[in-house]
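> predicted model and sequence follow; I will ask about them next.
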2 protein chains.
Amino acid sequence: MTTHEHDTAGSATAPTEHVVVVGAGFGGLTLIRELARKRRRGAPVEVTVIDRNNHHTFQPLLYQVATAGLQPQDIGVSLRAILRRHEGVHVRLGEVVGIDHDALEVEMADGGRVPYDRLVIAAGGQSEDLGIPGVAEHAFGLKWIPDAIALRNHVLRRFELASARPEHRHDGTLTFVIAGGGPTGVELAGTLAELVDLVLRRDHPELDVDNVRIVLAEPMEQLLTGFSEASGREALLALQQRGIDVRLGVGVARADAGQVQLTDDEVIPTATLVWAAGISAAPLADVVGVELGRGRRIPVDGQLRVEGLARVHAIGDIAASLDRDGQPLPQLAPVAIQQARYVADLVVAEAEGSTRKPFRYRDKGSMATIGRLDAVAELPGRIRLRGVVAWIAWLVLHLFMLVGFKNRVGVLGNWVWNYVTYDHSARLILEQDAQAGDLAEPEDTLKSS
Amino acid sequence: MTTHEHDTAGSATAPTEHVVVVGAGFGGLTLIRELARKRRRGAPVEVTVIDRNNHHTFQPLLYQVATAGLQPQDIGVSLRAILRRHEGVHVRLGEVVGIDHDALEVEMADGGRVPYDRLVIAAGGQSEDLGIPGVAEHAFGLKWIPDAIALRNHVLRRFELASARPEHRHDGTLTFVIAGGGPTGVELAGTLAELVDLVLRRDHPELDVDNVRIVLAEPMEQLLTGFSEASGREALLALQQRGIDVRLGVGVARADAGQVQLTDDEVIPTATLVWAAGISAAPLADVVGVELGRGRRIPVDGQLRVEGLARVHAIGDIAASLDRDGQPLPQLAPVAIQQARYVADLVVAEAEGSTRKPFRYRDKGSMATIGRLDAVAELPGRIRLRGVVAWIAWLVLHLFMLVGFKNRVGVLGNWVWNYVTYDHSARLILEQDAQAGDLAEPEDTLKSS
């Protein structure tokens, strides 16, 4: 491993601390940039980030890639491109398969080893099938850009199939089931309806798109359960006005090839199940060597340190960090970002012989789009916004959070284009694993792994 | 098949002729738009286009997607998006597997059948391994967007592998062999060198990119054989100045996992062979039922009619159309476009009881970029342009030929961005078929499949 100069000799003052960060999502990326900033001001740290992807994924907008409103590259940005301006920050592509706590080394799937003085696990979450039969095999997830591309290709292909073969117009080919009524499920259902209404209706004049059915199943009695009841009701109304069949108090009982069974026993013929219903820790949690909490999350103490491991922290979706009431914090970007800032501060403080008070999460609110020019936002102090104002707040915040000038320009450009032209121009079917021209039968296409 | 209203009853004057076009490349797309234009003026035609992809691919810029200078969507445009404004034009996604000349029906891989009155085969070409062992298994082609994405991912991954594992810095991991010194090979070699020099040098400070080796092997004694000797020499010098190892009079003898053997018996350890050395007709040629010519191209007469089939034409790369000297016309976009205009004219003329003189190709010249702000262009009348002037001509022509306003804006925007920032921002590894984080060993990665 020579991708970094590991200065164990150190300077005259403090020895340089080599911080290894696993994962470059919201938490990992914030942490790296904070550490790089502190390093420029003289903090004795050097950073290596390890990720399975060569890019940071802006997950909040994945649903817009899945519905052809944004291009994949708009929401991804090369890690080396954003980190190369920082001296003392190294990128290592690969998958972590083990941690050698004695040797202080991370073990890579490719056989390499990366030494650390301090390790921060920020590997995020993954879709969780909650043990429901068939979900792992048949459902589309929505965590990474290739997931979104696969879903986009699949949806567009359903319409092509129904256009080409009339016998597939009433057999579930044009039925789309989304499991989970959180922000992802709500936003995906809304933009999918928009894609059908504004774009596919004109693209496929031979189809009666009023026969398209979008079902959103949420096991709780409210949409957007992290929000107030009022926001949940508004989301419900907005989706119903777009013709979406919202089922509250109903989950998925099982998924099979060509159909989905709901917990109220209804069987829906469909070739498409999107899983936005559960999230658990990334598989990396399993190799840390500690007992995991609910959702396989890694338990951490008030300093976000993994229980019993002085040199290892965990932040973001993979960590089970408790709030003042002893409840685990939600798996949201703001949590990961605030934790990253805290750990950056703590690591440098400790390297310099100081320490920091325990982490405390400050809720800054939540927001979700529920339609064209329409969103709900809830801010601290029970401030609730709705409609265009909330939508503009949502837009500005997301542009601001996006990494990379070019990505901001690209996303804003696409949004303006889509808004003005009523178009979703990213609707190319680009498949690397399937035969081009392969119009698979619905039996095969409840995602065959 | 009800994707179109097949009006065999016809109007009081001429019955409507249903023209089926297979393939939406330069030829097919030009033909469809010409027919749609004539239809608006009253010509009795209706059109169905069949393609394996749901988009038109702007093949001349594929090499820029492969080298992360353009995003995939920049050079693809949805067929339904560009054709939906035309009444009487239908899109059918799928693969043609047979032609029933008696029933006048095209047979689709999905079991469907598409009836025609007139059939135009414009399915283009495919990479041709010329019978050289190992090429079909191990080489990257560059015909479709997924090819370009696969090559981009692969190149970026070679650099990640060499960064992560120092033992892969001198074993051929960073050696890239391009077979074929036509415009595609020359342009790809040039932009690959640019990607390495301008971008990867800064992205991978731990690598000595001077160890990167790009080999361009051309069996003839000149680069750009369709051009003059002077242009070939200029291309050679320009590439050599960029450090590209150009081998003239040398072809590929065989490709194996991890190495390529040249016809001069040199063995080059490499994980990357790009095949830009041969093109033959698309597989559709095999099912037309006529004896094929060189490169499996479909022989056509002066009216671009398939020999012996009154209702079937072939145009573009899949057709062997002869010039005045009895030589087959080159497989170039301008040939396909001129043939498309001719056939559109002929079909309408014949539907109206008239006819047309045989097709005649008019050479309008050729151009290729050979570096940053540098190109060669040859126009009729022995006019030769070189340097910035030729490059601007190349740029304007390509923007003009691109289909879709948004694509033009996207391509121009990316070019300006890349030029100003010395960046190739599309360098995300987005793989649908591979494990994320999988740093395959070079033994596996002379493209397995």
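The structure has been received and is ready for your questions.
> residue A:24 contacts residue A:56, correct?
Yes. Here residue A:24 reaches residue A:56: they are 5.0 Å apart, a contact under CB atoms under 8 Å. The way it works is simple: take the backbone N, C-alpha and C, and place the C-beta from them, glycine included.
> burial of residue A:166, as a residue count?
14 (other CB atoms under 10 Å in any protein chain shown).
> same question, residue A:210
For residue A:210, using other CB under 10 Å, the count is 10.
> mind checking pLDDT for it?
With respect to pLDDT, residue A:210 scores 90.
> next one: the one 10 residues further on
We note a pLDDT of 97 for residue A:220 in this prediction.
> surely it forms part of a helix?
No. Residue A:220 is assigned coil when assessed by DSSP: H, G, I helix; E, B strand; the rest coil, not a helix.
> how much space between it and residue A:210?
29 Å (CB to CB, to the nearest Å).
> over to residue A:15?
Taking CB to CB, one finds residue A:15 at 69 Å from residue A:210.
> please apply the same query to residue A:188.
20 Å.
> enumerate the residues of the stretch 1-150 of chain A near chain B.
Residues of the stretch 1-150 of chain A lying near chain B by CB under 8 Å from any CB of the partner chain: A:2-4, A:51-55, A:71-73, A:76-78, A:80-81, A:84, A:90-95, A:108-112, A:144-146, A:149-150.
> what's the PyMOL line that selects buried ones from those residues?
Burial among those is assessed by 16 or more other CB atoms under 10 Å in any protein chain shown; the matching PyMOL selection reads:
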select buried, chain A and resi 3+4+51+52+53+54+55+71+72+73+76+77+78+80+81+84+90+91+92+93+94+95+108+110+112+144+145+146+149+150
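> of the residues of the stretch 1-150 of chain A next to chain B, which belong to strands?
A:51, A:55, A:76, A:77, A:78, A:90, A:91, A:92, A:93, A:108 (DSSP state E).
> please, where are all the helices along chain A?
A:26-40, A:62-66, A:79-83, A:135-138, A:145-164, A:183-194, A:201-203, A:229-241, A:333-351, A:388-401, A:405-421, A:442-445 (DSSP state H).
> distance to residue A:275 and mean pLDDT added to the ones you listed, as a markdown table?
Below are those laid out as a markdown table (distance: least, CB to CB, whole Å; pLDDT from 0 to 100):
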| stretch | distance to residue A:275 | mean pLDDT |
| --- | --- | --- |
| helix A:26-40 | 21 | 97 |
| helix A:62-66 | 12 | 96 |
| helix A:79-83 | 27 | 95 |
| helix A:135-138 | 6 | 92 |
| helix A:145-164 | 10 | 95 |
| helix A:183-194 | 9 | 96 |
| helix A:201-203 | 27 | 94 |
| helix A:229-241 | 18 | 96 |
| helix A:333-351 | 20 | 96 |
| helix A:388-401 | 23 | 93 |
| helix A:405-421 | 25 | 88 |
| helix A:442-445 | 16 | 37 |
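> can you tell me which of those helices is most buried?
Across the helices of chain A, averaging neighbours per residue (mean count of other CB atoms under 10 Å in any protein chain shown) puts helix A:62-66 on top, at a mean of 27.
> identify the residues contacting the residue nearest to the spatial centre of chain A.
With distances taken as CA atoms, centre = their mean, residue A:59 lies nearest the centre of chain A, 3.8 Å away. Counting by CB atoms under 8 Å, 6 or more residues apart in numbering or on different chains, residue A:59 makes contact with A:25, A:75, A:143, A:333.
> repeat that for 7 Å
The contact partners of residue A:59, by CB atoms under 7 Å, 6 or more residues apart in numbering or on different chains, come to residue A:143.
> residue A:171 and residue B:109, how far apart?
20 Å.
> I'd like to know how far residue A:89 sits from residue B:238.
36 Å.
> re earlier: please convert the helices of chain A to TSV, extending it with distance to residue B:251.
Converted to TSV, the helices of chain A look like this (distance: least, CB to CB, whole Å):
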stretch	distance to residue B:251
helix A:26-40	47
helix A:62-66	42
helix A:79-83	36
helix A:135-138	47
helix A:145-164	36
helix A:183-194	51
helix A:201-203	45
helix A:229-241	61
helix A:333-351	54
helix A:388-401	51
helix A:405-421	40
helix A:442-445	42
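> and for residue A:24 and residue A:56, which residues touch both?
residue A:79.
> now the strands for the stretch 201-350 of chain A?
Secondary structure of the stretch 201-350 of chain A (DSSP state E, counting those that start in this stretch): strands at A:213-218, A:245-248, A:252-256, A:259-262, A:267-269, A:272-275, A:279-281, A:298-299, A:312-314, A:319-320.
> who does the second one pair up with?
Right, strand A:245-248. Sheet pairing of strand A:245-248 (DSSP bridges) gives strand A:213-218 (parallel).
> quick check, residue A:271 in contact with residue A:172.
Yes. Under the criterion of CB atoms under 7 Å, residue A:271 makes contact with residue A:172 at 6.2 Å.
> more crowded one of these two?
residue A:271 (30 against 20).
> show me how chain A divides into domains.
A:17-52+A:94-127+A:280-351, A:135-277+A:366-425 (automatic domain parsing).
> span of the first one from start to end?
To tie it back to what came earlier, the one meant is domain A:17-52+A:94-127+A:280-351. 7 Å (CA to CA, to the nearest Å).
> please compute how far that domain lies from its chain's middle.
17 Å (CA atoms, centre = their mean, to the nearest Å).
> again, but for stretch A:240-248
24 Å.
> and that stretch, which residues are buried?
Buried residues in stretch A:240-248 (16+ other CB under 10 Å): A:242, A:244, A:246, A:247.
> stretch A:109-124 too?
A:110, A:112, A:114-124.
> and for stretch A:353-372?
A:359, A:361, A:365, A:366, A:367, A:368, A:369, A:370, A:371, A:372.
> and of the residues you listed, the nearest to chain B?
Lowest distance from chain B to the buried residues of stretch A:353-372 (CB to the nearest CB) belongs to residue A:372, with 19.6 Å.
> confidence score at that closest one?
At residue A:372, pLDDT is 84.
> what sits closest to it if chain neighbours are left out?
In space, and not counting its chain neighbours, residue A:372 is closest to residue A:194: 6.6 Å by CB to CB, 6 or more residues apart in numbering or on different chains.
> now swap in residue A:406 and tell me
residue B:425 (5.3 Å).
> for burial, what's the neighbour tally of the one you found?
Neighbour tally, residue B:425, other CB under 10 Å: 23.
> gap between it and residue A:77?
8 Å.
> and what of residue A:156?
Residue A:156 is 25 Å from residue A:77, by CB to CB.
> picking up where we left off before, of the helices of chain A, which approaches residue B:287 most closely?
Among the helices of chain A, the nearest to residue B:287 by CB to CB is helix A:145-164 (18.9 Å).
> what's the angle from that closest one to helix A:183-194?
30 degrees (axes from the mean of the first three to the mean of the last three CA atoms, to 10 degrees).
> helix A:145-164 to strand B:89-93, inter-axis angle?
120 degrees.
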